[in-house]
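A.B. asks: what follows is a predicted structure for the sequence shown.
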Amino acid sequence: MIRLAILWHMHQPLYQDAESGEYRLPWTRLHALKDYYGMARLVSEFPNLKVTFNLVPSLVRQLQEYASGQADDPFLRAARTPVEQLDTAGREFLLRYFFQAHPHRLIGRYPRYAELLAKLRQDNGNVQRAARHFSNGELQDLQVLSQLAWVDEYWLEQEPARGWVARGRDFRPEHRDAICAAQQEWIAAVLPAYRQLAASGQAELSTSAFHHPILPLLCDTDIAASAHPGIKLPRKRFHYPEDAREQLIRAQRLHTEVFGAPPAGLWPSEGAVSADMAAIAADLGFHWIASDEQILARSLGGRFERDSAGQVSNAVQLYSPYRLAAGSGEIAILFRDRVLSDLIGFVYSQTPPQQAAEDFVRRLRSAAAPALAAGQEPVVAVILDGENAWEYYPRSGRPFLRAFYHQITSAPDITTCTFSEAVARSSPRLSRLAPGSWIDGNFDIWIGGEEDNQAWDLLTAAREAIGPAPETGDRAGAYDAVLAAEGSDWNWWYGPEHESQNAREFDSLYRSLLSAVYSRLGRTPPARLLAPIPTGWRVPVAFTPATGLIQPQVDGRVSSYFEWLGAAEVHTDERAAAMHGRRNVLAALYAGYSADFAFFRLDFAAALGELAGEVHIELFAAGQERRIECEIARGELRGLTATPAFAPGDAEAALLRILEVRVRLAALGLSAADPTLEVRAVFCTAGLRVESLPAEGSLALTPPQIEF
């Protein structure tokens, strides 16, 4: 008998901005609508089927918040905003982001959606030009169809979604409002579906470290050199095994709270394992972990090869669970069959469902045949992402999965089992566990590249700023932020390996987490967190450079058109504000010099009488940072301070319609060797950095004796 152990790995990173608290990207919500509920419900259609679902805590937390109405994101707000209320930036937002779906499987399924995409392509994807050509009715159809394309097959078969599909086009405001409102109810059904499936015994629910970090690298980044000798490591070693432990403790706690029992098993993020992380998992009471066949091959000092029929050279070794001495005890390990797993993840989407299911069973039998011939009852582990593949399948993969489940449950020589059942029998011992992940058996995706190592260095600095892991107080909030920054998803997008339309948002989210560490400690985040880490798509801040000396009056108003003429200036990108579903506070930043002074001016997009907070003018010169803080309440300037402090008379400010600040050049610490002054304005409320101008990078100035 072939024992088939299937694990569907459900994962999304935490998309919540650490400073504003908003959810910046919609992927948890969209996959919750399209994949998570249906994956659980589909299993219940096959009573003899057993599977394991791995639910990452960062995903579970977001599902809870969307279900309760606590979570919102700018994409959902854009979908439910009446079209006639959208300004130019809002209309461009719809056209820029509401076609982020598979053009054939998701968009092409709905003729009107495909028609709208074709119209956008007539403008070569130029959303500024296209926004002038799309009617209100077309944009309203886009709002509805962009949500409908992500609705689960189960809900599509019922009203009201079935009626929306039948209508197809010319949607009305009530349709838009209804599909947006229904999402909370549909997402609320997800976690109960998994609890019910686990209670029935058909599914085992396992977990991963809370924020999906690469646990071996948290224990010690130097382990990357063991998996890939000669790799370039970050400048400073990250060595915080206590963080790896805390990520697992928090995962156990949330899993127990949500599902009523602690998890027996752990899918280490990206299948990344090492002896250190296995010891921590064993000491915390996990019974099993899992990884990739390449890790087993390296642990055994060999390799697994397949012939043309798919038979594995060392099937007896591959298709067995192992036990590893770890920590104060031992832990069981299962290693996935990479070929069978990847066929589902990357190949069968292009194959008719029945043919694909039959092909899988044929390959499974062929691969396991040598182990059966040796008298072994092989355990074949198939592990892959449980949501990402289905975007490439017809009808979200449901026809394939039904055919697949039918084939394996009706085969007389195949039985399915959970991972805990798979490791319950006696198994051979593994003398060593080679470090690595399920991608090429190493950690190269997350460390070693220039951008990756920069990200690690920034993380290390933030972690060092916290000190020992705190339990309460402000340092605990900073620790929460650094744990989230330890997630694997940020470094997934750094370096040349992967691309995403949302890469900028991922980079911004990562830096917002690190900035929050310092803010929650009462410190100013380092200036290098202001600029994007990637350089491949980094665009210099677009600003008008200074063209001459200026001598404005510091009176809080534009006294003359000419007084700021010649200053450098940068204006808010309204499209970026629309991207994040908010209105700007800051409108423009000006900076310039006279022979003796530097001048800074800030224009506001919001009414001054509504503002309460602080404007920080952050200056960076000659390797040193300085912050000028202007407290504003109900349109009045309540105070001016600086860190480090200025001498009396070195700085003054005024606020009436605009904020104007003057600083004596001699007080700025400029040097002939490094004469550039970098300027950035930040608006803060309640200690949180709400908005900055420029949004990325800084405005650069060169002193007048150099330029003029």
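C.D. replies: That came through, no problem.
A.B. asks: residues in contact with Glu625?
C.D. replies: 524, 526-527, 618-619 (C-beta atoms under 8 Å, 6 or more residues apart in numbering). Heads up, the C-betas are built off the backbone N, CA and C, glycines and all.
A.B. asks: should've said Pro173
C.D. replies: Pro173 makes contact with 82, 140 under the criterion C-beta under 8 Å, 6+ apart.
A.B. asks: in strands, which of the contacts of Glu625 appear?
C.D. replies: Among the contacts of Glu625, the members falling in strands are 618-619 (criterion: DSSP state E).
A.B. asks: just the strands in the stretch 351-500 of the chain please.
C.D. replies: Across the stretch 351-500 of the chain, reading from the start of the chain, the strands by DSSP state E, counting those that start in this stretch fall at 379-385, 414-417, 429-430.
A.B. asks: which among those is found nearest to Arg112?
C.D. replies: Proximity to Arg112 (C-beta to C-beta) singles out strand 379-385 among the strands of the stretch 351-500 of the chain, at 30.0 Å.
A.B. asks: show me the contact partners of that closest one.
C.D. replies: Outside strand 379-385, the residues that touch it by C-beta under 8 Å, 6+ apart are 2-11, 267, 271, 290, 319-321, 334-337, 340-342, 344-345, 364, 367-368, 417, 419, 422, 438.
A.B. asks: swap the cut-off to 7 Å and go again
C.D. replies: With C-beta atoms under 7 Å, 6 or more residues apart in numbering as the test, strand 379-385 has contacts from 2-7, 9, 290, 319-321, 334-337, 340-341, 344-345, 364, 368, 422.
A.B. asks: contacting residues around Glu691?
C.D. replies: The contact partners of Glu691, by C-beta under 7 Å, 6+ apart, come to 584-586, 683.
A.B. asks: try Ile107
C.D. replies: The neighbourhood of Ile107, defined by C-beta under 7 Å, 6+ apart, consists of 99, 101, 113-114, 117, 149.
A.B. asks: out of the contacts of Glu691, list just those in strands.
C.D. replies: Mapping those onto strands (DSSP E) picks out 586, 683.
A.B. asks: make TSV out of the contacts of Glu691 and add distance to Tyr510, neighbour count and pLDDT.
C.D. replies: Output for the contacts of Glu691, formatted as TSV (distance: C-beta to C-beta, whole Å; neighbours: other C-beta atoms under 10 Å; pLDDT from 0 to 100):
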residue	distance to Tyr510	neighbour count	pLDDT
Asn584	23	20	75
Val585	23	20	85
Leu586	23	24	89
Phe683	21	22	88
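A.B. asks: ok, of the contacts of Glu691, which one's closest to Trp456?
C.D. replies: Looking at the contacts of Glu691 and their distance to Trp456, the nearest is Phe683, at 30.2 Å (C-beta to C-beta).
A.B. asks: quick check: which ranges of this protein have low pLDDT?
C.D. replies: Counting by pLDDT under 70, the low-confidence segments of the chain come to 499, 535-543, 573-583, 622-623, 671-675, 686-690, 696-697, 703-708.
A.B. asks: the biggest helix by length in the chain vs strand 379-385, what angle?
C.D. replies: With secondary structure taken from DSSP state H, the chain has its longest helix at helix 353-373. For helix 353-373 and strand 379-385, the angle between their directions (axes from the mean of the first three to the mean of the last three C-alpha atoms, to 10 degrees) works out to 140 degrees.
A.B. asks: can you give me the buried ones in helix 353-373?
C.D. replies: For helix 353-373, burial by neighbour count (16 or more other C-beta atoms under 10 Å) applies to 353, 356-357, 359-361, 363-372.
A.B. asks: of all those residues, which comes closest to Trp493?
C.D. replies: Comparing every one of the buried residues of helix 353-373 with Trp493 (C-beta to C-beta), the shortest separation belongs to Ala356, at 30.4 Å.
A.B. asks: tell me the SS of Ile6?
C.D. replies: Judged by DSSP: H, G, I helix; E, B strand; the rest coil, the three-state class of Ile6 is strand.
A.B. asks: picking that back up, now for the longest helix of the chain, which elements pack on it?
C.D. replies: Counting contacts by 3 or more C-beta pairs under 7 Å, 6 or more residues apart in numbering; DSSP states H and E, helix 353-373 is packed against strand 2-10, helix 315-318, helix 338-342, helix 398-410.
A.B. asks: how about the strands of the stretch 351-500 of the chain in TSV, adding distance to Ala282 and mean neighbour count?
C.D. replies: Supplementary listing: the strands of the stretch 351-500 of the chain in TSV, determined by distance: least, C-beta to C-beta, whole Å; neighbours: other C-beta atoms under 10 Å:
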stretch	distance to Ala282	mean neighbour count
strand 379-385	19	23
strand 414-417	22	19
strand 429-430	13	16
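A.B. asks: Ala647: which of the ones you listed is closest?
C.D. replies: Shortest distance between Ala647 and the strands of the stretch 351-500 of the chain, using C-beta to C-beta, is found for strand 379-385: 59.6 Å.
A.B. asks: about what we covered before: out of the contacts of Glu625, which is most surrounded?
C.D. replies: In terms of neighbours by other C-beta atoms under 10 Å, the contacts of Glu625 top out with Leu619 at 25 neighbours.
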